[in-house]
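Asks: Need a 3D model of the sequence below.
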Amino acid sequence: AGGSSIFVMNPTDVVKTQMQAAADSKTMGGVTRQVWQQEGLKGFWRGAQPNIARCFIGNACEIGCYDQFKTTITAKGWVSDGPLAHFAASGGAGVVSALFSTPVDVVKTRLMNAAGGNKDAIQYKGVIDCFINMPRKEGIGSLYKGFWPLAVRKVAWTVVFFLVNEQALKVIRGSYS
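Replies: Numbers count the residues shown, from 1 in each chain. Now for the predicted structure:
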C-alpha cells in the first residue's frame, strides 16, 4: 500500500522538489508545464524508483531495528519493558533508518529535480548513474546531504509512533508483551 501510494503521488513530489530547489520563484503550473512539454507523462515519474525504495528501506529499518533494540535493551536488563525502553529503541531505529534511507532520498531528489530537463539541475541517466556519479564528482558525503534534518524527523516520527503503538497494545492486551 505504501509503495503504491508513493507511486501514484510521485508527480506531486516532482513538482514540489523543483519548486523548492529553484533559485527563482517557480509556480506549480509552470513546473507542471515544463515537465509535460519536455518529457510528457513519463517526466512526472522521475525518481519514482528510489522514492519507493526509500519507503521500503526506511520502514524495514524502523520496524526491524525497533524490535531488535527493544528486545536487546530489555533482555540485558538495562531497562524494563516500558516507555523508557520504547523511547530508546525507537530513537535508535530512527537513526538507523536515516543512515540507510538518506542516500536513496538524495538520489530521489536529484532525479526529481532534473525532470523536464530542468536546466538548473544536474542531469542523470537514472538511479544507478546518479548513485555512481554523485560520489565520484562530489564525494561520498554528497549521498548524505540533508542527513541531520532527516534524522531529526525520523527519530521524532519513530519515537511518537512506537510510544503510541506500545501504549495502544498495552490497553488492548493488558501488558506490553
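Asks: drop to CA atoms for contacts and neighbour counts, all remaining ones
Replies: Noted.
Asks: helices and strands around the strand or helix carrying L111, which ones?
Replies: L111 is located in helix 83-113, with elements delineated by DSSP states H and E. Judged by 3 or more C-alpha pairs under 8 Å, 6 or more residues apart in numbering; DSSP states H and E, the packing partners of helix 83-113 are helix 2-21, helix 48-75, helix 127-138, helix 147-173.
Asks: And it, how far out from the chain middle?
Replies: Mean C-alpha position of helix 83-113 versus that of the full chain (C-alpha atoms, centre = their mean, to the nearest Å) differs by 7 Å.
Asks: average pLDDT across it?
Replies: Helix 83-113 shows a mean pLDDT of 94.
Asks: So which bits of it are buried?
Replies: For helix 83-113, a neighbour-count test (16 or more other C-alpha atoms under 10 Å) marks 83, 85-99, 101-113 as buried.
Asks: F100 contacts G58, doesn't it?
Replies: Yes: with contact defined as C-alpha atoms under 8 Å, F100 counts as touching G58 (7.2 Å).
Asks: which of the residues in the lowest-mean-pLDDT helix or strand in the chain are buried?
Replies: Ranked by mean pLDDT, DSSP states H and E, the helix or strand of the chain with the weakest confidence is helix 2-21, at a mean of 85. By neighbour count on 16+ other C-alpha under 10 Å, the buried set for helix 2-21 is 3, 6-7, 10-11, 13-19.
Asks: relative orientation of the next helix or strand after it and helix 2-21 in degrees?
Replies: Next along the chain after helix 2-21, taking DSSP H and E as the criterion, comes helix 28-39. Computed by axes from the mean of the first three to the mean of the last three C-alpha atoms, to 10 degrees, the angle separating helix 28-39 from helix 2-21 equals 110 degrees.
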